[in-house]
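Trainee: Next comes the sequence, and after it the predicted model I'd like to discuss.
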Amino acid sequence: MMFAIVVFPGSNCDHDVYHVAKHVLGRAARFIWHKDRDLRGADVVVLPGGFSYGDYLRTGAIARFSPVMDEVKKFAGRGGHVVGFCNGFQILCEAGLLPGALLRNESLRYVCADVHLKVENAMTPFTRKYARGEVIRIPIGHGEGNYFIDDEGLRRLEGEGQIAFRYTDAQGKRGVRGANPNGSRADIAGITNARGNVLGMMPHPERLAEGVLGGEDGRRLFESVVDAVE
Amino acid sequence: MKARVVVTLKPSVLDPQGQAVGRALGSLGFDEVQGVRLGKIIELELGEKDRARAKERLTAMCEKLLANTVIEQYRIEGLD
């Protein structure tokens, strides 16, 4: 199976994802330049973190019009697996592949820290190697990760099981001071589309996928999607 | 012709930047400030003479790129 990692001008987590796919999981991985219109046989498309187009106008606002995004949309429409981390999540929202939007952090500060996430849905292709209700530790690094969605949209996300991860404390408790690092509505850290084949999340599982880096909770997300494809 | 697009967060969306500015004004003694909303101004020069046509195109620009209507509202000003 093959991971295709899209490279936008300003992407900076593309090599981290490549490393996990190729050297930690031993699967094929390829970079796809954002001007390409060919996903070259990808099984999973990853939109990596970074600051595509310098975050000008809004995060992800310009990247969503890159030529490759037409192909990513078609790929997702055929049921292909698409995942966006951090800036990738922002791009997926701007592109309309996921509902809602990412606002400035409530604190107005860029937050770089390990956070705890509760796995809310372990039946998606990206979370099947986790257990429902499990608490994992994954790093974040963003200034605009404050997830917003209106009331009706939130009801739909909850009703359809589209909330994949929520910010909690280490015991899995919500609403504890400091557990939600950015002010996201309903403590949402990651969501899928209704069909479940597109995931976006602000945390960076690719940054904590092997023991030498201090934790491997991120690895199972990649193993999940490998399992789903193979 | 010149045009100006003003983009702000929708009233239903929390604006932490506006709140921070509001608190700063309050602490400077501007007690009358009851609310602050921040936004952005985008100035455009258009090679279009027809006002109605320009407005229509600007609306399309706002809907497609300049504003994210999930969280933002926009208004078009100063078509002269």
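Mentor: On my side now, so go ahead.

Trainee: could you measure the residue of chain B most remote from its centre against residue A:98, distance?
Mentor: The C-alpha centroid of chain B is most remote from residue B:29, which lies 26.8 Å away (Cα atoms, centre = their mean). Plainly put, residue B:29 is 44 Å away from residue A:98 if you go by Cβ to Cβ, to the nearest Å. Using the backbone N, CA and C atoms, a C-beta is placed for each residue, glycine as well.

Trainee: same check, this time on residue B:69
Mentor: Taken as Cβ to Cβ, the span from residue B:69 to residue A:98 is 15 Å.

Trainee: neighbour-wise, which of those two wins?
Mentor: Shown here are residue B:69 and residue A:98; by other Cβ atoms under 10 Å in any protein chain shown, residue A:98 has more neighbours (25 against 11).

Trainee: I'd assumed residue A:191 was in contact with that one.
Mentor: Yes: using Cβ atoms under 8 Å, residue A:98 makes contact with residue A:191 at a distance of 6.0 Å.

Trainee: Overlap of the contact sets of those two?
Mentor: Here residue A:98 and residue A:191 have residue A:200 as joint contacts, going by Cβ atoms under 8 Å, 6 or more residues apart in numbering or on different chains.

Trainee: sorry, back to before: quick check on the residue farthest from the centre of chain B: phi, psi?
Mentor: phi 100, psi 0 (degrees, to the nearest 10).

Trainee: Tell me the residues of chain A that contact chain B?
Mentor: Within chain A, the positions lying close to chain B (Cβ under 8 Å from any Cβ of the partner chain) are A:57-58, A:61-62, A:65, A:93-94, A:99-101, A:103-108, A:146, A:148-150, A:183.

Trainee: Just the buried ones among those, please.
Mentor: Listed as buried from the residues of chain A next to chain B are A:57-58, A:61-62, A:93-94, A:99-101, A:103-106, A:146, A:148-150, A:183; burial here means 16 or more other Cβ atoms under 10 Å in any protein chain shown.

Trainee: which stretches of chain B form helices?
Mentor: Shown for chain B, the helices assigned by DSSP state H span residues B:16-27, B:51-61.

Trainee: residue in chain A nearest to chain B?
Mentor: Taking Cβ to the nearest Cβ, chain B has its nearest neighbour within chain A at residue A:101, 4.5 Å off.

Trainee: hang on, residue A:134 packs against residue A:122?
Mentor: Yes: between residue A:134 and residue A:122 there is a contact at 7.5 Å, judged by Cβ under 8 Å.

Trainee: Tell me where chain A has helices.
Mentor: Using DSSP H, helices in chain A cover A:14-19, A:67-77, A:87-94, A:151-159, A:219-229.

Trainee: Would you reformat the ones you listed as a markdown table and include mean pLDDT?
Mentor: Output for the helices of chain A, formatted as a markdown table (pLDDT from 0 to 100):
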| stretch | mean pLDDT |
| --- | --- |
| helix A:14-19 | 98 |
| helix A:67-77 | 97 |
| helix A:87-94 | 98 |
| helix A:151-159 | 97 |
| helix A:219-229 | 98 |
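
Trainee: Please identify the most buried of those.
Mentor: helix A:87-94 (a mean of 29; mean count of other Cβ atoms under 10 Å in any protein chain shown).

Trainee: Now do that helix against helix A:67-77, angle only.
Mentor: Computed by axes from the mean of the first three to the mean of the last three Cα atoms, to 10 degrees, the angle separating helix A:87-94 from helix A:67-77 equals 80 degrees.

Trainee: how about the CA coordinates for helix A:87-94, as CSV?
Mentor: The C-alpha trace of helix A:87-94 is given here as CSV (Å, rounded to 0.1, in the frame of the first residue of the first chain):
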residue,chain,number,x,y,z
ASN,A,87,-2.7,22.6,8.9
GLY,A,88,-4.0,19.6,6.9
PHE,A,89,-7.2,19.6,9.1
GLN,A,90,-7.6,23.4,8.4
ILE,A,91,-7.3,22.7,4.7
LEU,A,92,-9.9,19.9,4.8
CYS,A,93,-12.3,22.3,6.5
GLU,A,94,-11.7,25.1,4.1
